[in-house]
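[1] Sequence and computational prediction follow.
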Amino acid sequence: MSIQCKRIFGITLVALIWVIGMAAKIRPDTLMIRRIYNYPQTVDTTGLYHSYTYSYRRHTIHVRKRNFTLLAVPSMYFIAHGDNRKYISEAYDKITFNGQRQFNTQRMITLTTIPHHRKTMPTLLKYLTPQIYNETIIENHLLSPFNRHNHVFYRYKVTFLLNGTARVSFKPRQNNTQLIRGMALVDYATGRVNEMTFSGEYDMINFTLHLIMGETKRKSLLPEKCELSCNFKFIGNLTEAKYIAYYGLPKILPDSIVDSDDIALMKQVRPDTLDHEEQTIYDQYYEMAARKSAAPVVEKKKNKLKTIFWDIIGDHLVNRIKSNFGDKDQGYIRINPIANPLYMGYSHRRGITYKFNIRSSYNFSDNSELWGVFKAGYSFKQHQFYMRVPMIYYYNKHHNGFLQLEFNNGDRINNTSVSDHIEDNDRTRDYKPHLNTFKDMSLRVVNNYDISDKFGFQIGFILHRRTALNKAAFEQAGLTFRYRSFAPVVELEYRPFGWKGPILTLDYERSIRGSRQENTAYERWEIDGQYIRNMSRLQCLSLRLGTGFYTWKDHNSCFLDFANFRENNIPGGWNDEWSGEFELLSSKWYNESKYYVRANATYESPLLITSRLPWVGHFIETERIYVSALSVKQLHPYFELGYGFTTRLFSVGMFVANRNGKFSGFGCRFGLELFRHW
């Protein structure tokens with residue numbers, strides 16, 4: 001054997017001994033936790049697709065304390081002023097799986113004592129379908145202790161039992177609403193969780209959830225039985241709820257039964273028996289219903305008037321209106337409450353704003369859909385009403401083919417070039433206010449089509465009608481106070497890595513004078529790039545870089561308006577473009593320059609800064625850091641730095657600005673987030 005071969009053999013032997021020694025030093029409890037992390041990868045889930053099962057769910061609600069503020073809580077209106085304090089509901093469903101986290105539910109039987117068969121606290125239903133091995137247990141909330149990405153947030157204690165199982169206790173390193181505490185019984189050999197109990201608090205719900213997991217193959221990733229105990233506290237109100245759910249039940253009734261309220265059928269499928277309290281709620285409900293049906297005609301008329309006032313008018317004023325329509329419920333409409341203070345917000349520039357929107361959609365087929373939104377807002381500081389109405393008809397969803405029509409009214413645009421002609425005119429000295437402010441009404445119609453996952457395009461046109469707020473000053477100076485334009489638009493979109501990567505767009509717009517009414521002409525280009533990187537542990541990085549410029553305009557084209565650099569006059573909440581806006585930038589700078597160069601970056605994460613503080617940190621759900629830069633005429637450059645966080649009640653953003661190397665101001669943005677998941 002040569003000397004070189006001996007050296008290679010010696011190095012290999014030493015490396016093998018080192019690896020074996022390190023493996024022997026790994027603690028048994030650490031190996032146990034790793035088995036839990038790796039268990040989902042050992043389960044074949046291919047058979048889960050298009051499989052089906054049956055489930056049963058029952059819950060009771062006990063309103064222990066209530067006052068008038070409970071009327072404003074979504075879905076709680078009917079129990080806030082009802083005659084009873086205890087309610088019960090049951091449901092039997094057929095569940096068809098399209099994946100581990102995707103499924104369709106067909107309601108077969110349902111019983112409830114809640115007035116008008118309304119759904120109360122539907123947000124609790126998602127707690128009955130937990131995903132304990134995913135990064136988040138409940139939708140995009142509650143970081144799971146049994147996912148390897150979240151190990152930095154938890155402390156574990158493993159106790160090995162004599163029956164081949166281990167008791168794994170876990171508690172959070174920080175007291176935060178996104179984290180839970182509890183224990184689980186785990187199979188030592190495989191890492192499969194047999195049983196789990198955990199508790200926490202999220203979105204004003206204090207809960208304890210007990211799970212019994214399935215035993216075989218893919219069923220072991222999903223619960224077989226769930227028991228949920230929770231309470232909801234809100235301004236002196238206290239509501240308690242108990243849920244129990246069974247999954248994997250055998251087929252007992254034909255699938256042709258849909259949305260039945262037959263109590264005899266429910267007794268056939270009920271996997272357990274009602275306890276004394278639950279049976280008493282049913283007995284009192286049916287006894288009260290019998291008394292009402294036997295009541296005199298005069299009393300029935302009084303009850304009808306009460307129903308119209310309380311149940312129809314009152315409910316629609318303070319709660320969302322949600323309804324399906326069509327033979328197969330292919331249509332959907334949602335209307336925000338008209339008189340609910342929870343839909344107000346605040347920003348440094350616009351002051352207090354009130355927002356209202358209506359959403360509706362109708363599915364013609366799996367590949368065709370009509371979708372529309374009516375969004376409106378009013379700024380009390382600016383005394384301005386804004387309205388935006390986008391409508392989209394999807395004619396080919398497979399290729400993202402749609403026809404979009406968007407109408408905007410109420411936007412304000414500045415034009416100092418026009419006002420300069422009349423500002424020094426003696427005849428207009430009494431008409432100085434709002435000389436450079438115009439009201440912009442626009443209509444945009446485009447057709448979008450994606451050739452592939454990487455390439456897409458839009459083609460259409462846009463109409464603008466800009467009217468001076470101070471018409472009298474323009475008339476006195478002999479100038480037109482209304483400017484119109486018509487321009488075809490073309491947009492090319494390139495996604496180099498498909499839909500999961502950055503999106504690059506090139507926009508071109510050139511006006512055409514088709515009649516005497518069009519009195520402005522221009523040509524504009526814009527380039528924009530956006531990228532959202534979703535990372536582990538609910539972290540997200542949002543990047544945006546763009547530029548735009550006018551290459552030509554005539555003497556009347558004094559309006560400098562861009563598609564990708566404009567003010568959002570109807571801001572939403574935490575998830576509505578906070579990462580791509582300039583919060584402290586004056587509205588005039590959007591229309592002062594023939595060009596712009598912008599860059600925005602936002603990093604979002606739970607448990608970042610404020611959430612690590614004692615007591616206060618418990619309520620912080622997510623935090624953000626903002627960095628924005630801009631270069632336009634007379635701003636070289638403009639910077640904004642910001643920090644924001646969201647809680648169950650509100651979201652806050654705080655920003656500082658720097659203009660041309662000098663401190664330019666401080667401001668904040670505030671939005672009510674109460675019940676946004678309800």
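    Alright, I've got the coordinates.
[2] pLDDT below threshold where in the stretch 351-500 of the chain?
    410, 415-435 (pLDDT under 70).
[3] just the helices in it please.
    Taking DSSP state H, counting those that start in this stretch, the helices of the stretch 351-500 of the chain run over residues 416-423, 471-476.
[4] go on, the chain?
    For the chain, applying DSSP state H gives helices covering 3-25, 28-38, 77-80, 263-269, 276-293, 297-306, 315-318, 416-423, 471-476.
[5] so where's the stretch 1-150 of the chain shaky on pLDDT?
    Under the criterion of pLDDT under 70, the regions of the stretch 1-150 of the chain flagged as low confidence span 1-25, 47-48, 99-102.
[6] What of the stretch 551-678 of the chain?
    Residues of the stretch 551-678 of the chain meeting the criterion pLDDT under 70: 556-558, 569-580.
[7] Tell me which stretches of it form strands.
    With DSSP state E, counting those that start in this stretch applied, the stretch 551-678 of the chain shows strands at 595-605, 622-632, 635-646, 650-659, 662-672, listed in chain order.
[8] Which residues belonging to stretch 604-611 are considered buried?
    By neighbour count with 16 or more other C-beta atoms under 10 Å, stretch 604-611 contains the buried residues Glu604, Ser605, Pro606, Leu607, Leu608, Thr610, Ser611. Backbone N, C-alpha and C define where each C-beta goes, glycine included.
[9] May I ask which two of these are separated the most?
    Across these, the two members that end up farthest from each other (C-beta to C-beta) are Glu604 and Thr610, 13.4 Å apart.
[10] Glu640 contacts Phe582, doesn't it?
    Yes. Glu640 lies in contact with Phe582 (C-beta atoms under 8 Å); the separation is 5.8 Å.
[11] so what sits against both of the two?
    Taking C-beta atoms under 8 Å, 6 or more residues apart in numbering as the contact criterion, the common neighbours of Glu640 and Phe582 are Ser628.
[12] For Thr177, give me its contacts.
    Listed by C-beta under 8 Å, 6+ apart, the contact partners of Thr177 are Gly200, Glu201, Tyr202, Asp203, His618, Phe619, Ile620, Glu621, Arg648.
[13] On the pLDDT front, check it for me.
    In this prediction, Thr177 carries a pLDDT score of 95.
[14] which neighbours do Glu604 and Thr610 share?
    By C-beta under 8 Å, 6+ apart, Glu604 and Thr610 have these common neighbours: Glu623.
[15] Surely Arg35 is in contact with Gly191?
    Yes. Counting by C-beta under 8 Å, a contact exists between Arg35 and Gly191, whose distance comes to 2.9 Å.
[16] what about those two, which has more around it?
    Legend: neighbour count by other C-beta atoms under 10 Å for Arg35 and Gly191, higher for Gly191 (22 against 18).
[17] wait, what's in contact with the more buried one?
    Listed by C-beta under 8 Å, 6+ apart, the contact partners of Gly191 are Met32, Arg34, Arg35, Ile36, Tyr37, Asn38, Tyr39.
[18] how about a markdown table for these, with distance to Glu195 added?
    Output for those, formatted as a markdown table (distance: C-beta to C-beta, whole Å):
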| residue | distance to Glu195 |
| --- | --- |
| Met32 | 15 |
| Arg34 | 20 |
| Arg35 | 16 |
| Ile36 | 13 |
| Tyr37 | 18 |
| Asn38 | 19 |
| Tyr39 | 15 |
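[19] For PyMOL, write the select line for the buried members of those residues.
    The following PyMOL line selects those of the contacts of Gly191 that are buried, judged by 16+ other C-beta under 10 Å:
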select buried, resi 32+35+36+37+39
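[20] Between the contacts of Gly191, which sits nearest Lys157?
    Using C-beta to C-beta, these come closest to Lys157 at Met32, 10.7 Å.
[21] For that closest one, give its distance to Leu221.
    Going from Met32 to Leu221 by C-beta to C-beta, to the nearest Å gives 18 Å.
[22] Equivalent analysis for Met535, please.
    When C-beta to C-beta is the yardstick, Met535 and Leu221 sit 23 Å from each other.
[23] In terms of packing, which of these two has more residues around it?
    More neighbours sit around Leu221 than around the other of Met535 and Leu221, counting by other C-beta under 10 Å; the figures are 20 against 12.
[24] For the more buried one, give me the pLDDT.
    89.
[25] these two touch, right, it and Asn134?
    No. Contact criterion C-beta under 8 Å: Leu221 and Asn134 do not qualify, at 9.5 Å.
[26] Quick check: the gap between the closest residue to Phe438 other than its chain neighbours and Asn38.
    By the measure of C-beta to C-beta, 6 or more residues apart in numbering, the closest residue to Phe438 outside its immediate chain neighbours is Arg466, 4.4 Å from it. Distance, Arg466 to Asn38, by C-beta to C-beta: 62 Å.
[27] same check, this time on Glu215
    As it turns out, when the distance is counted by C-beta to C-beta, Glu215 lies 19 Å from Asn38.
[28] of the contacts of Thr177, closest to Gly164?
    For the contacts of Thr177, with Gly164 as the reference and C-beta to C-beta as the criterion, the closest is Gly200, at 29.1 Å.
[29] tally of neighbours for the closest one?
    For Gly200, the tally of surrounding residues (other C-beta under 10 Å) stands at 21.
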